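Novice: Following is a predicted model, sequence given first.
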Amino acid sequence: MRIPIVNLKPSLAETQPVWQANLNALYERGFFVLGPELARFEQSLADAMGARHAVGVSSGSTAIEIPLRAADITRAQQQVLTSAMPAPFPAVSIAAAGAAPVFADIDPETLSVDVNDMGNRIGRGTAALVPVHLYGQPCNIAAIAGIARDRKLTLVQDACQAHGALPFTDYGDTVALSFYPTKNLGCLGDGGAILTNKPRLAAKLRQIRDGGRGSGGLPVNQIAYISGINARLDELQCCYLNAFLPRLNDWNAARRRLAALYDQALADVDGIRLLRRSPESVCHLYVVRAKRRNQLREYLAGLGIGTGIHYPVPLHLHPAFAASKQKKGDLPHAEKAAREIVSLPLWPQLSSENVLEVAAAVRNFYRR
């Protein structure tokens, strides 16, 4: 594509001296798991995110699964409420912990989880809430955290697309981040982290990620004291993350500027409905609701402009989650949005000229 939906090469190029030096030092040490690169990254990430502790793990999915395990939410009769709109991984993580995912509808203006609908779906079997900060936009986390406190529910925030949007640990005990390559802060494979302000909880999270070995922050030995999984963030990925993290604020600022330019250029296009964003959004994706969405994508592809759909089917309609017993028509806002959403090109080094070109192509499509 002439203008792809995302391009990672510029970020790699501008940080190459740093990650190359990190890699050289890693190869010289020959220490590839639970080493100094991870320790340095965990401390830097905690500082950058306004948290006391960061625990590096193997993916954003395990960053959701491990806090549920730490809270002993591991049984099929325990339900965990999450949004119907994101990729399947929050629900996959809930199921991997052993609990049962159940889904709430979304706010049609933001596509974030609807607070009232989530609250209304809490039942006797509900053990936890996993709100998703979708597309870089914080959901109404203050209200959701209040519900969790009032109902004595575990709260695990999925901030996998919202690096740096808010000090999320101010609202709950654990926050999950993903470092999938296309995230605002990504690595060159899978990776993730859990943020928390509680030292004892951080020690337990570290223990679970390493097969349950070690105890109370003592050095790891070969004895598994609790049930755990193998979910460590490796040193190789931390070489890149340690190079990218200092650039995160600048990259987020660039995303906000480009998203605002899209907003201005598309504001009066008949056929496009813009999403409502708060100033805190870090604009992980630029998503609009579009009439004749599939035809628009074909038209843009013919001009060399890449697009995406994030996400095409609400989670309650995925066969893997049929046990929720939620069927077509149960979550109407999510179902309607999934038929309309389209993601336009966005990455920090995308030029303003390219944004205006994409917007002009969208405008031309609806003028035809």
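Specialist: Structure's in. What do you need? Residues are numbered from 1 along each chain as shown.
Novice: Please, where are all the helices along the chain?
Specialist: Ranges of helices in the chain, per DSSP state H, are 9-14, 16-29, 36-49, 60-70, 89-97, 115-120, 141-151, 199-209, 235-244, 248-266, 293-302, 332-338, 352-367.
Novice: Dump the ones you listed into TSV; add mean neighbour count as well.
Specialist: (Glycine included, C-beta is placed from N, CA and C.) Shown next, in TSV, are the helices of the chain (neighbours: other Cβ atoms under 10 Å):
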stretch	mean neighbour count
helix 9-14	14
helix 16-29	14
helix 36-49	19
helix 60-70	28
helix 89-97	24
helix 115-120	18
helix 141-151	16
helix 199-209	21
helix 235-244	23
helix 248-266	18
helix 293-302	15
helix 332-338	19
helix 352-367	16
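Novice: could you redo those helices as TSV and give each row mean pLDDT and distance to residue 135?
Specialist: Putting the helices of the chain into TSV (pLDDT from 0 to 100; distance: least, Cβ to Cβ, whole Å) gives the following:
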stretch	mean pLDDT	distance to residue 135
helix 9-14	98	19
helix 16-29	98	27
helix 36-49	98	18
helix 60-70	98	15
helix 89-97	98	14
helix 115-120	98	17
helix 141-151	98	15
helix 199-209	96	26
helix 235-244	98	20
helix 248-266	98	10
helix 293-302	98	16
helix 332-338	98	12
helix 352-367	98	17
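Novice: can you redo those helices as a markdown table with distance to residue 159?
Specialist: What follows is these, written out as a markdown table (distance: least, Cβ to Cβ, whole Å):
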| stretch | distance to residue 159 |
| --- | --- |
| helix 9-14 | 20 |
| helix 16-29 | 24 |
| helix 36-49 | 9 |
| helix 60-70 | 9 |
| helix 89-97 | 11 |
| helix 115-120 | 17 |
| helix 141-151 | 9 |
| helix 199-209 | 15 |
| helix 235-244 | 16 |
| helix 248-266 | 13 |
| helix 293-302 | 27 |
| helix 332-338 | 20 |
| helix 352-367 | 26 |
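Novice: Compute the distance between the one residue sitting closest to the centre of the chain and residue 304, please.
Specialist: Per Cα atoms, centre = their mean, the C-alpha nearest to the average position across the chain is that of residue 160, at 1.9 Å. Applying Cβ to Cβ, to the nearest Å, the value for residue 160 to residue 304 is 30 Å.
Novice: picking that back up, for residue 2, which of the helices of the chain is the nearest?
Specialist: The closest of those to residue 2 is helix 352-367. By Cβ to Cβ, the value is 9.1 Å.
Novice: which other helices and strands contact that closest one?
Specialist: With contacts defined as 3 or more Cβ pairs under 8 Å, 6 or more residues apart in numbering; DSSP states H and E, the secondary structure elements packing on helix 352-367 are helix 248-266, helix 293-302.
Novice: Looking at the ones you listed, which is nearest to residue 193?
Specialist: Residue 193 sits nearest to helix 248-266 of all these, at 13.0 Å, using Cβ to Cβ.
Novice: Check the offset of that closest one from the chain's centre.
Specialist: Taking the mean C-alpha point of helix 248-266 and that of its whole chain, the gap between them comes to 18 Å (Cα atoms, centre = their mean, to the nearest Å).
Novice: Residues contacting that helix, please?
Specialist: Where contact means Cβ atoms under 8 Å, 6 or more residues apart in numbering, the residues beyond helix 248-266 that reach it are 11, 48, 136, 163-164, 184-185, 272, 274, 277, 281-284, 286, 288, 344, 346-350, 352, 355-356, 358-360, 362-363.
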